[in-house]
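**Student:** Structural data only, the sequence is not supplied:
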């Protein structure tokens, strides 16, 4: 785990929260986005807990650069900002989750495990804003999303819809009467066919297509 925030006091507080979970280990800290990218190369964390507004390089740009690394870690945004533009920009940059800093400690540690497992997580207010923002999208963007989803088989489309609804692989397997390994295979094919980088971007694509 790499903790990224320009406030030293916040980083200290996060270390204390993460120390409550014996399965989590903080391998480093960074006070800005550029330092975060360098730290990822050096420490190779599984998850990066990323602030948004920082000096030198902001969290969105840092997330985008981290995503270009070999075997990049999952990025979980943790910020005080929940404006529509921040949410969309961060997710399009490759963030796997987006939480606000008023998230309870237990929810934060659970979210870290979720994104480390390849899935996505959002706080309630963020989900509401995400749906609201995408609902204002234009017809051309929606048509493009539908075209990308049209490359999927019927079963892959069902899995994509379930991903967008926030279901885990285990829950999708149960709902669609599939093995969990089969669901993982479908998700991998969906990523390739639609040109998505992670489950969050699959969800964004489905939301846009629903407009």
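**Tutor:** Arrived safely. Being a predicted model, the structure only gives us computed values, none of them experimental.
**Student:** Now residue 71. Nearest residue, chain neighbours left out?
**Tutor:** Using Cβ to Cβ, 6 or more residues apart in numbering and skipping the chain neighbours, the partner closest in space to residue 71 is residue 44 (7.6 Å). Backbone N, C-alpha and C define where each C-beta goes, glycine included.
**Student:** An error on my part: the question was meant for residue 159.
**Tutor:** The spatially closest residue to residue 159, leaving aside those adjacent along the chain, is residue 186, at 4.4 Å (Cβ to Cβ, 6+ apart).
**Student:** Toward the C-terminus from whichever strand or helix holds the one you found, list the very next helix or strand.
**Tutor:** With secondary structure defined by DSSP states H and E, residue 186 is part of helix 180-194. For helix 180-194, the succeeding helix or strand toward the C-terminus, using DSSP H and E, is helix 199-210.
**Student:** Residue 11 touches residue 3, doesn't it?
**Tutor:** Yes - if you go by Cβ atoms under 8 Å, residue 11 and residue 3 touch, sitting 5.2 Å apart.
**Student:** between these two, who's got more neighbours?
**Tutor:** Legend: neighbour count by other Cβ atoms under 10 Å for residue 11 and residue 3, higher for residue 3 (27 against 19).
**Student:** what separates residue 60 from residue 108, distance-wise?
**Tutor:** Counting by Cβ to Cβ, to the nearest Å, the separation of residue 60 from residue 108 is 20 Å.
**Student:** thinking again about what came up before, what touches both of residue 11 and residue 3?
**Tutor:** The contact sets of residue 11 and residue 3 overlap at residue 29 (Cβ atoms under 8 Å, 6 or more residues apart in numbering).
**Student:** Skipping its backbone neighbours, what lies nearest residue 61 in space?
**Tutor:** For residue 61, ignoring the flanking residues on the chain, the nearest one in space by Cβ to Cβ, 6+ apart is residue 33 at 5.9 Å.
**Student:** Now for the one you found: which residues touch it?
**Tutor:** For residue 33, the contacting residues are 4, 54, 56, 57, 58, 59, 61, 62, 65, by Cβ under 8 Å, 6+ apart.
**Student:** Looks to me like the last one is in a helix.
**Tutor:** Which is residue 65. Yes - with DSSP: H, G, I helix; E, B strand; the rest coil as the criterion, residue 65 is located in a helix.
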